[in-house]
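1. Predicted model, plus sequence, below.
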Amino acid sequence: MVEEKSLPVPYAYMRSVILAIRAYPGLKPVVANTLVPKLVEREIWSTQPRVWEGLILLPKYIGTRELTEKMNEALFTLPTSLLQDLLKKNPDIRPILAAYATRSRKNVGLDVAKRKVLGL
């Protein structure tokens with residue numbers, strides 16, 4: 001039996017997800033709560049850079065109002081350089097992540113470099 005984590009994510013899947021949340025905004029919380037954390041957990045950036053590029057685009061399409069706790073927590077687990085890259089391409093989410101970190105006391109577990117990236 002093949003483990004789920006060993007199966008590659010098709011690049012077209014990310015495109016389909018983006019098209020789906022644009023056409024059906026009600027899917028945004030589902031994507032933010034399930035897809036983003038799973039792809040971050042799988043460390044998709046190390047095995048499938050093109051899928052990672054699609055993941056970087058998701059906050060733009062999900063929108064700042066729909067960023068969820070699970071998505072924020074998943075983004076906090078990214079390596080600092082990847083978090084910085086994501087925030088560079090999605091500057092609107094920096095204050096949201098920083099506020100979430102401060103409000104939820106998640107910044108206690110954040111290393112100094114990540115705090116600096118978030119402006120804390």
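-> Ah, there it is.
2. tell me, how many neighbours does Gly54 end up with?
-> The local packing of Gly54 (other CB atoms under 10 Å) involves 20 other residues. Where you see a C-beta, it was placed from the backbone N, CA and C, and this is true even at glycine.
3. can you tell me how far it sits from Ile18?
-> To Ile18, Gly54 is 7 Å away according to CB to CB, to the nearest Å.
4. list the residues that contact both of those two?
-> Common contacts of Gly54 and Ile18, defined by CB atoms under 8 Å, 6 or more residues apart in numbering, are absent altogether.
5. okay, now the closest residue to Lys28 other than its chain neighbours: neighbour count?
-> The shortest distance from Lys28 to any non-neighbouring residue, by CB to CB, 6 or more residues apart in numbering, is to Glu66 (4.3 Å). When counting by other CB under 10 Å, one arrives at 17 neighbours for Glu66.
6. can you check Arg115 too?
-> Neighbourhood size, Arg115 [other CB under 10 Å]: 14.
7. Same check on the one 3 residues further on?
-> Counted with other CB under 10 Å, the neighbours of Leu118 add up to 22.
8. any idea how far the closest residue to it other than its chain neighbours is from Lys116?
-> Spatial nearest neighbour of Leu118, excluding adjacent residues (CB to CB, 6+ apart): Ala98 at 4.4 Å. To Lys116, Ala98 is 11 Å away according to CB to CB.
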